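>>> no sequence on this one, just coordinates:
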């Protein structure tokens, strides 16, 4: 089947999915989770054939060992895939929430209600556990989804896709709501289908996401990179500062919310930097310092390119600044608008930093690693957006929804209001569309 | 000054504008309104020079009389421009509203707070009153703005821009927050600056907006067209149906929320269509009907292209359908996802229609002409969006805002939570960032 045909099928299904009751969506998620567990042997077998091919690539030096490891499915991983689908089922319904309601006039009520976006395009690299995760989030939020997984996981992805499609369609989800695209050349075609795909949710490397952002007119939810900063203020508590920097760099350096740059106020640098350097160097972190930093601690010389680099590794660049303003300017110039933190005991400095730094998450005395949908209490994470429209920062299920206005009248016409025979009341209501719906349907 | 330099200046100003107190933003709006009234003679003179050029174009047949009329400023129009700026000042503050707050753990509080988007690009045709309107909305919402007006109004736009810039900067708004671009070739350049411009708000014809959407990677807030439908159900009240169709077509046919297609259930068509035709034809409306319509009333034959046409004129296409489902399918296939209405006394049919039609506004027994920011009680209208991400339907000031996460801790690190020494509480709070800010700053 052609890409266009698959995407059109998804579009047709999407129109029906908008009104799928919560019980059907949750029931389908539970059923798919059960089937994934039931068919674990077949999944492991498919995964083994991906692994055989990957082993050859590793031997030829064409695949890293790290990438290989991420491909591996085990019984335990399969159970955790099923568990995470059940946990999506247990989340509150993101649909049919009334976010605004207003009595325009007697007998003329307006409701603004959350609804699915339509068709989501999910493009991801390698890891086979991404497919069930993104499919679950789309189903829960009433969206159809077109999936394109990494070539390395083609067999694992295909069987997971088939199990999810069959079990959810059997549970009452409209046929065609989930589609799989396998060939790389088909991605190019998919990126052109802005008439049918409403939102792209890519997962993968910076190069991969940048490529997608630059080659489509479909809105993209996501971020290309996380160049996160910690600014250690002149009035920082030294112990907090060291702990936060250490956690943000060392706990998991390969992720987008790990710190890449530490800015230190010159007034505290002579006391702070030796403590920081000792702790970081014990963990094997390479420090790249500005000239003034290197007068205080041993460090490689930072180049101009270091201030814009995302290492995703045990490397950090350190720069001494003379003021809070200089730190803020530096972050707004070199950062990626992802997550930045200040360590200080001075509330005025903290507030200034939080309000002036133009990033999706800004933190006071906390590790940048907290920037995450689960940690933020959003239930599930669709992604972290560094874009400013639609969604910004860690995005929960609400990132896969939009809104729709329902206006309910008794035959009103606009000319009465324009010609002065009637006047708008514009009374804010606390009415719920759900309640109104139940009332008029008498059910 | 080059386009790039202007846009960069706006970007610099935007970083400062995010924290401009409400009093400064409102004071600047009041001051600009006063100055526009004070300098009305100079504005009228600049407008006359635009009109002189326009007159020649009308004589040469290169400008329509309608376009000429929209160019004309009068004392009364200038007063109404000033009034509308004051009314923006009187709207509630769209910034610093806490939309979500959560206690992640004891002493670790998260706030999601509304903030400006950054730099807005406003591109519009002809009408000089658009410039003060969009500038006011941007200033109120703390955004910098880069304006590009129509060539026909170049002198009127320039003087309005200068008055607004001078008076607002004198009132404390950061220098460079408002920029004007005049040459048409500069638009192309502007459309490429996705690194500096966060959102485009175009106003103008369908061709104009489609051109912009197809030539930029900057997100666009707006709609290319309004192909609005009214479906007259088999259980419609005939009088309501005639009144709503008449209002939606005749009251102001040149706007995007006017009805363009009327779908009529075959069971009611023989009684309804003669009433409709009589009323519409008295107002000079041309009816284009499907073959079955033309067996009941006199009408021109509708062509296939009619179902996708936006007339913006006293023309309407009428089609007979055999079911509610056929009507919904037709709308989802040929409509523009703007505004569609059903007229019926059957609640079940109405709810089905509202929930299945995939448009930004759907109405039951009300005229499509109600679809408008002011009428919806949103205070001001930034535009009507037929896109599904960021904003959908009539968009108020909130369409010019985004959100930012503030996380306030006491030195917490993520490793404690990952290694089980601490547990997240995730307690939803009703806390306001504003209150927290006041408390810690002791002011």
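On my side now, so go ahead. Keep in mind it's a predicted model, so treat the numbers as computed, not measured.
>>> tell me which parts of the stretch 1-150 of chain A are close to chain B?
Contacts of the stretch 1-150 of chain A with chain B, taken as C-beta under 8 Å from any C-beta of the partner chain, map to A:15, A:18-19, A:102, A:104, A:108, A:110, A:112, A:117-118. Where you see a C-beta, it was placed from the backbone N, CA and C, and this is true even at glycine.
>>> For the stretch 251-400 of chain A, list the residues in contact with chain B, please.
Checking the stretch 251-400 of chain A against chain B by C-beta under 8 Å from any C-beta, the hits are A:251, A:332, A:343, A:347-348, A:350-351, A:354-356, A:358-367, A:369-371, A:375-377, A:387-390, A:392-394.
>>> now with 7 Å?
Residues of the stretch 251-400 of chain A that fall close to chain B, judged by C-beta under 7 Å from any C-beta of the partner chain: A:251, A:332, A:347-348, A:351, A:354-356, A:358, A:360-367, A:369-370, A:375-377, A:388-390, A:392-393.
>>> Using neighbour counts, trim those to the buried set.
Listed as buried from those are A:251, A:332, A:347, A:351, A:354-356, A:358, A:360-367, A:369-370, A:375-377, A:388-390, A:392-393; burial here means 16 or more other C-beta atoms under 10 Å in any protein chain shown.
>>> Sitting in helices, which of the residues of the stretch 251-400 of chain A next to chain B do you find?
Within these, residues falling in helices by DSSP state H are A:332, A:347-348, A:351, A:354-356.
>>> Out of these, flag the one nearest to residue B:122.
Distance to residue B:122, by C-beta to C-beta, is smallest for residue A:332 among those, at 23.4 Å.
>>> residue ranges of the strands in the stretch 51-200 of chain A, please?
With strands called from DSSP state E, counting those that start in this stretch, the stretch 51-200 of chain A shows them at A:98-105, A:108-116, A:119-124, A:144-148, A:178-181, A:199-203.
>>> re earlier: between which two of the ones in helices among the residues of the stretch 251-400 of chain A next to chain B is the distance greatest?
A:332 and A:347 (21.4 Å).
>>> how about the longest strand belonging to chain A, does it reach chain B?
Criterion DSSP state E: the longest strand present in chain A is strand A:401-412. Yes. Interface with chain B: strand A:401-412 contributes A:402-412 (C-beta under 7 Å from any C-beta).
>>> again with stretch A:435-443
Yes. Applying C-beta under 7 Å from any C-beta, one finds stretch A:435-443 in contact with chain B at A:437, A:440-441.
>>> now, which of those residues lie within strands?
Among the residues of stretch A:435-443 next to chain B, the subset assigned to strands under DSSP E is empty.
>>> Could you identify the buried members of these?
Neighbour-count burial (16+ other C-beta under 10 Å) applied to the residues of stretch A:435-443 next to chain B gives residue A:437.
>>> Of the residues of stretch A:435-443 next to chain B, just say which sits nearest to chain B.
Proximity of the residues of stretch A:435-443 next to chain B to chain B (C-beta to the nearest C-beta) peaks at residue A:440, which lies at 4.1 Å.
>>> now the closest one, nearest residue through space, not along the chain?
residue B:347 (4.1 Å; C-beta to C-beta, 6 or more residues apart in numbering or on different chains).
>>> Quick check: that neighbour touching residue A:438?
No. Judged on C-beta atoms under 7 Å, residue B:347 makes no contact with residue A:438 at a distance of 10.9 Å.
>>> Please parse chain A into its domains.
A:3-96+A:120-214, A:228-378 (automatic domain parsing).
>>> which one of these is the most hemmed in?
Each of the domains of chain A was scored by mean neighbour count; the highest is domain A:228-378, a mean of 21, by mean count of other C-beta atoms under 10 Å in any protein chain shown.
>>> got the end-to-end distance for it?
End-to-end distance for domain A:228-378: 21 Å, by C-alpha to C-alpha, to the nearest Å.
>>> chain center to it: distance?
Mean C-alpha position of domain A:228-378 versus that of the full chain (C-alpha atoms, centre = their mean, to the nearest Å) differs by 23 Å.
>>> And residue A:93, how close does it get to residue A:113?
Distance, residue A:93 to residue A:113, using C-beta to C-beta, to the nearest Å: 12 Å.
>>> Sorry, wrong one. I was asking about residue A:40.
40 Å.
>>> Also residue A:140?
Counting by C-beta to C-beta, the separation of residue A:140 from residue A:113 is 17 Å.
>>> Check what contacts whichever helix in chain A runs longest and list those residues.
Longest helix in chain A by number of residues, with DSSP H as the criterion: helix A:40-59. Helix A:40-59 is touched from outside by A:36, A:63, A:65, A:68, A:71-73, A:75, A:78, A:128, A:152-156, A:158-160, with contacts defined as C-beta atoms under 7 Å, 6 or more residues apart in numbering or on different chains.
>>> 10 Å instead, please
Applying C-beta atoms under 10 Å, 6 or more residues apart in numbering or on different chains, the external contacts of helix A:40-59 come out as A:36-37, A:39, A:62-65, A:67-69, A:71-75, A:77-79, A:81-82, A:126, A:128, A:150-160, A:162-163.
>>> Name the SS class of the residue nearest to residue A:227 when sequence neighbours are not counted, please.
Of all residues not flanking residue A:227 in the chain, residue A:336 sits nearest, at 4.2 Å (C-beta to C-beta, 6+ apart). Secondary structure, DSSP: H, G, I helix; E, B strand; the rest coil: residue A:336 is coil.
>>> And residue A:336, how close does it get to chain B?
Distance from residue A:336 to chain B, counting by C-beta to the nearest C-beta, to the nearest Å: 12 Å.
>>> Over to residue A:207?
17 Å.
>>> just residue A:201 next, same as before
11 Å.
>>> From the residues of the stretch 251-400 of chain A next to chain B, which land in strands?
If you go by DSSP E, these have A:361-366, A:393 in strands.
>>> got TSV for the residues you listed, with pLDDT too?
Shown next, in TSV, are those (pLDDT from 0 to 100):
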residue	pLDDT
A:361	96
A:362	97
A:363	98
A:364	98
A:365	97
A:366	97
A:393	92
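>>> Please identify which of those residues is nearest to residue A:3.
Distances from residue A:3 to these, taken by C-beta to C-beta, are shortest for residue A:393, at 31.9 Å.
>>> What does the nearest residue to that closest one once chain neighbours are set aside show for phi and psi?
Of all residues not flanking residue A:393 in the chain, residue A:360 sits nearest, at 3.6 Å (C-beta to C-beta, 6+ apart). Main-chain dihedrals, residue A:360, degrees, to the nearest 10: phi -70, psi -30.
>>> picking up where we left off before, with distance to residue B:11 and mean pLDDT as added columns, please give the strands of the stretch 51-200 of chain A in a markdown table.
As requested, the strands of the stretch 51-200 of chain A are exported to a markdown table (distance: least, C-beta to C-beta, whole Å; pLDDT from 0 to 100):
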| stretch | distance to residue B:11 | mean pLDDT |
| --- | --- | --- |
| strand A:98-105 | 31 | 95 |
| strand A:108-116 | 32 | 97 |
| strand A:119-124 | 30 | 94 |
| strand A:144-148 | 35 | 97 |
| strand A:178-181 | 38 | 97 |
| strand A:199-203 | 26 | 92 |
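>>> For residue B:25, find the nearest of those.
strand A:98-105 (23.4 Å).
>>> Can you tell me the strand partners of the closest one and which way each runs?
Paired neighbours of strand A:98-105 in the sheet (DSSP bridges): strand A:108-116 (antiparallel), strand A:427-428 (antiparallel).
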